[in-house]
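Student: Mind looking at a prediction? Sequence and model below.
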Amino acid sequence: MTTRILYTKPSITELETGYATDAAANGWGEKCYDYIVRFEAMFREHLGSRFAIATSSCTGALHMGLAALGIGPGDEVILADTNWVATVSPIVHLGATPVPVDIDPESWCIDPAAAARAITPRTRAIVVTHIYGNLANMDALLALGEQTGIPVVEDSAEAIGSIWHGRRAGSMGIFGAFSFHGTKTLTTGEGGMFVTSDEELFERVLTLSNHGRARNQKKQFWPDLVGFKYKMSNIQAAIGCAQMERIEELTARKREIFAQYRHELAGLPGISMNPEAEGTVNGAWMPTVVFDADTGVTREQMQEAFAAANIDARVFFHPLSSLPMFTPQRENVHAWSIPGRAINLPSYHDMSEDDTRRVCAVIRDLAARAERNVFSPTDIRARG
Ligand SMILES: *Cc1c(COP(=O)(O)O)cnc(C)c1O
């Protein structure tokens, strides 16, 4: 039997275990925030943002950021229907109404024109997710934000290493949120980061993040408002510091794996992969293959083929509006069509060239069977 190829796995070296051990042994008392302070400084410098607050998750960073923007009951927040549930849940928890719109079929990210059409007098934010490391059209979205006065938020959980015409993903909107979950390019086990260059917003989130205690409040145990508890631990931040020292290596390796897939699969008819538009860098968190609708290749056939080859592959995000707690928005045709014929490929740092070749062989075989009309395109249409 062949060895199993996992789809993600963190890259952990002696640097990470060394810092974590130091934090566990010595990072207490006066030193209890040292790695956190260092991690935040390294992160904001890397990104080119003025402020950063380490959090327990990206979901928590989004929750606090949206709360600090004053979003609550009666407000609408626009986001792409193609998303992880973590992007929508803070909106729901704040009592606001999520408005899922269609994606651009090239970038798989929110379509700026669809976002513009969804704006109402109640719209209080547009949350942009750079899905799989692909960049949303930030020029169009930032212009829309400027014209309407609606803040643009960047969910950059999947986009460390992605650059839009010289500006890093997460540094362009009113605030950005990152995830350091174990499946992400940079990990602290669990964890996240809130980033902004807006000083007022930073101060509000800092207060919210400390149980509502303002940093200039002299009274002990005195919260001025009801806040949150989404802090990162010093031990997690120690791992984060080591990962930040290796950030160029971590993102370069992701891009190398992506390039190898693109090279191996180049010219194969009926498939496309993550785009990298002129003037941008795709951080390549998750290489993804999408079969054209007329190939008839379905997600289920791909899952079966990968399982048979002992390879872990992941399905493309289901449209949020297809989940049981929301109302189906089938007019979001691209968000509803792509997942049925797409698959995420393994891309962990330590995978070998032989591993990527094994993955490509499965895709090539599926494409060859599609060319022989083994799959009926009507199947996929019937599924809708
Ligand atoms: C991973 C992810 C999140 C959530 O990150 P957590 O750190 O698990 O809260 C949010 N949005 C997107 C797009 C993600 O991929």
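Tutor: Arrived safely, thanks for sending.

Student: Low-confidence ranges, the stretch 251-384 of the chain, go.
Tutor: 376-384 (pLDDT under 70).

Student: Distance of L366 relative to the ligand?
Tutor: Distance from L366 to the ligand, counting by C-beta to the nearest ligand atom, to the nearest Å: 26 Å. Backbone N, C-alpha and C define where each C-beta goes, glycine included.

Student: residues near that residue, how many?
Tutor: Residues near L366, counting by other C-beta atoms under 10 Å, number 26.

Student: And V77, by the same measure?
Tutor: For V77, using other C-beta under 10 Å, the count is 26.

Student: Just say helix, strand or coil for it.
Tutor: Under DSSP: H, G, I helix; E, B strand; the rest coil, V77 falls in the strand class.

Student: The lengthiest strand in the chain and the ligand, any residue contact?
Tutor: In the chain, with assignment by DSSP state E, the single longest strand is strand 123-129. Yes - applying C-beta under 6 Å from any ligand atom, one finds strand 123-129 touching the ligand at T129.

Student: quick one: strands adjacent to that strand?
Tutor: As defined by DSSP bridges, the strand partners of strand 123-129 come to strand 76-80 (parallel), strand 152-155 (parallel).

Student: what's the most buried one of those?
Tutor: strand 152-155 (a mean of 28; mean count of other C-beta atoms under 10 Å).

Student: Contacts for that one, please.
Tutor: With contact meaning C-beta atoms under 8 Å, 6 or more residues apart in numbering, strand 152-155 is reached by 58, 62, 65-66, 69, 83, 87, 125-130, 141-142, 144-145, 169-177.

Student: So which of those are in helices?
Tutor: Those of these mapping onto helices are C58, L62, G65, L66, T87, L141, L142, L144, G145, per DSSP state H.

Student: Report the two of the residues you listed separated the most.
Tutor: Farthest pair in the ones in helices among the contacts of strand 152-155 (C-beta to C-beta) is C58 and L144. Separation: 23.5 Å.

Student: more crowded one of these two?
Tutor: C58 (29 against 19).

Student: my guess is that one meets G176, correct?
Tutor: No - contact criterion C-beta atoms under 8 Å: C58 and G176 do not qualify, at 9.8 Å.

Student: Please enumerate the strands of the stretch 51-200 of the chain.
Tutor: Per DSSP state E, counting those that start in this stretch, the stretch 51-200 of the chain carries strands over the ranges 51-55, 76-80, 97-101, 123-129, 152-155, 163-164, 167-168, 175-179, 192-196.

Student: Can I get those in JSON lines including mean pLDDT?
Tutor: Listed next are the strands of the stretch 51-200 of the chain as JSON lines, based on pLDDT from 0 to 100:
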{"stretch": "strand 51-55", "mean pLDDT": "98"}
{"stretch": "strand 76-80", "mean pLDDT": "98"}
{"stretch": "strand 97-101", "mean pLDDT": "98"}
{"stretch": "strand 123-129", "mean pLDDT": "98"}
{"stretch": "strand 152-155", "mean pLDDT": "98"}
{"stretch": "strand 163-164", "mean pLDDT": "98"}
{"stretch": "strand 167-168", "mean pLDDT": "98"}
{"stretch": "strand 175-179", "mean pLDDT": "98"}
{"stretch": "strand 192-196", "mean pLDDT": "98"}
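
Student: ranking those strands by burial, who's on top?
Tutor: Neighbour counts (mean count of other C-beta under 10 Å) averaged over each of the strands of the stretch 51-200 of the chain peak at strand 175-179, with a mean of 30.

Student: Tell me the strands beside that one, with direction?
Tutor: Strand 175-179 is paired, per DSSP bridges, with strand 152-155 (parallel), strand 192-196 (antiparallel).

Student: Up against the ligand, what does the stretch 51-200 of the chain have?
Tutor: Taking C-beta under 6 Å from any ligand atom as the measure of proximity, the stretch 51-200 of the chain contacts the ligand at 57-59, 84, 86-87, 129, 155, 157-158, 179, 181, 192.

Student: which of the residues you listed lies closest to T2?
Tutor: H181 (27.7 Å).
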